[in-house]
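Colleague: let me see the structure of the following:
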Amino acid sequence: MCGVVGILAPQRVNQDLFDALTALQHRGQDAAGMATCDDNGRYHLHKGRGLVRDIFRTRHMIELTGNMGVGHVRYPTAGTASNAESQPFYVNTPYGISLVHNGTLTNADELRESLWQSDLRHINTDSDTELLLNVFAHELRHRHQEKLTPEQIFDAVTAVHTRCKGAYAVVAMINDYGIVGFRDPNAIRPLVYGERTSADGKALMIASESAALTTAGFKVIDDIAPGEVVIVTKDGEVHRKVCAVKSG
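Modeller: Numbers count the residues shown, from 1 in each chain. Sure thing, here's the model as predicted:
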């Protein structure tokens, strides 16, 4: 198992991500990582092998600027134990997407072949998270219009559910747009979301466990349902839709 988290807030999220990942440390001790996006749409990343407290020093936290971000603690279930397979993973097209994932895909070989042969996407590691990211990115690019909308994301995740088999709880950050969380149609891996209200405004978090939310003062709103997608846009709007039904 692994731990995933995504936060969008009216202030910098690096410390809340750190606290959430520390609360999820029991879900994975092999590696950890964070990615953030600042007001200019610039992406920032730091990740490595080891515990959260050892990977993120003050100099790294200073560089992780931005009001939205995703984080991950890793317990290897696929691929290898290497820095290259630490998460988040990132692709720059479309929009710039970073993604963290808890679970295991059962059709990884088939996906790797189709991504290369049909989608013309190169996969650089043995991680099934990189596969998931590239499937999502391809399906989103396929639906590209002038302005990204929640419906385009819902449609893209519906296609992910069709192509990807197995267990996956996913949190993705789309640069300068927002945070997206979704679970496989059988909800094999946990994913919850909640909010925190302060004088600065409303912050929202999606995470593997409620402990990550309560540690940072967030109130749990709900589990993300089987096959459901939750989108939090940078203006604080929340969009929810079930994009797949539970399979037999």
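Colleague: from A203, how far off is D222?
Modeller: Distance, D222 to A203, by CB to CB, to the nearest Å: 16 Å. C-betas here are computed from N, CA, C, even on glycine.
Colleague: correction: N186
Modeller: 30 Å.
Colleague: cool, and L133?
Modeller: Distance from L133 to A203, by CB to CB: 25 Å.
Colleague: and the helices in the chain?
Modeller: For the chain, the helices defined by DSSP state H cover 14-23, 52-55, 58-63, 108-117, 128-142, 150-163, 210-215.
Colleague: out of those helices, which is closest to V70?
Modeller: helix 14-23 (7.8 Å; CB to CB).
Colleague: may I see the buried residues of that closest one?
Modeller: For helix 14-23, a neighbour-count test (16 or more other CB atoms under 10 Å) marks 14, 16-23 as buried.
Colleague: mind checking how far the residue most central in space within the chain is from S114?
Modeller: Here the mean C-alpha position of the chain is nearest to the C-alpha of V171 (CA atoms, centre = their mean), at a distance of 2.2 Å. Here V171 is placed at a distance of 24 Å from S114 (CB to CB).
Colleague: re earlier: show me which of N186 and A203 is the more surrounded one.
Modeller: The neighbour count for N186 versus A203, taken as other CB atoms under 10 Å, is higher for A203 (24 against 15).
Colleague: for the closest residue to the more buried one other than its chain neighbours, grab the count of nearby residues.
Modeller: Leaving out its chain neighbours, the residue that sits closest to A203 by CB to CB, 6 or more residues apart in numbering is A9, at 3.5 Å. For A9, the tally of surrounding residues (other CB under 10 Å) stands at 24.
Colleague: next up, the contacts around A9.
Modeller: A9 makes contact with 16, 67-68, 196, 200-201, 203-204 under the criterion CB atoms under 8 Å, 6 or more residues apart in numbering.
Colleague: for the residue of the chain positioned farthest from its centre, give me the backbone phi and psi.
Modeller: The outermost residue of the chain, judged against the average C-alpha position, is A199 (27.1 Å), by CA atoms, centre = their mean. A199 adopts backbone torsions of phi -60, psi -30, taken as degrees, to the nearest 10.
Colleague: check what pLDDT it gets.
Modeller: With respect to pLDDT, A199 scores 92.
Colleague: A244 now?
Modeller: 86.
Colleague: from what I can see it touches H161, true?
Modeller: Yes: A244 is within contact range of H161, at 3.9 Å (criterion: CB atoms under 8 Å).
Colleague: joint contacts of those two?
Modeller: By CB under 8 Å, 6+ apart, the residues touching both A244 and H161 are 184-185, 227.
Colleague: could you save those residues as a markdown table and add columns showing distance to D126?
Modeller: Shown next, in a markdown table, are the shared contacts of A244 and H161 (distance: CB to CB, whole Å):
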| residue | distance to D126 |
| --- | --- |
| D184 | 20 |
| P185 | 25 |
| G227 | 27 |
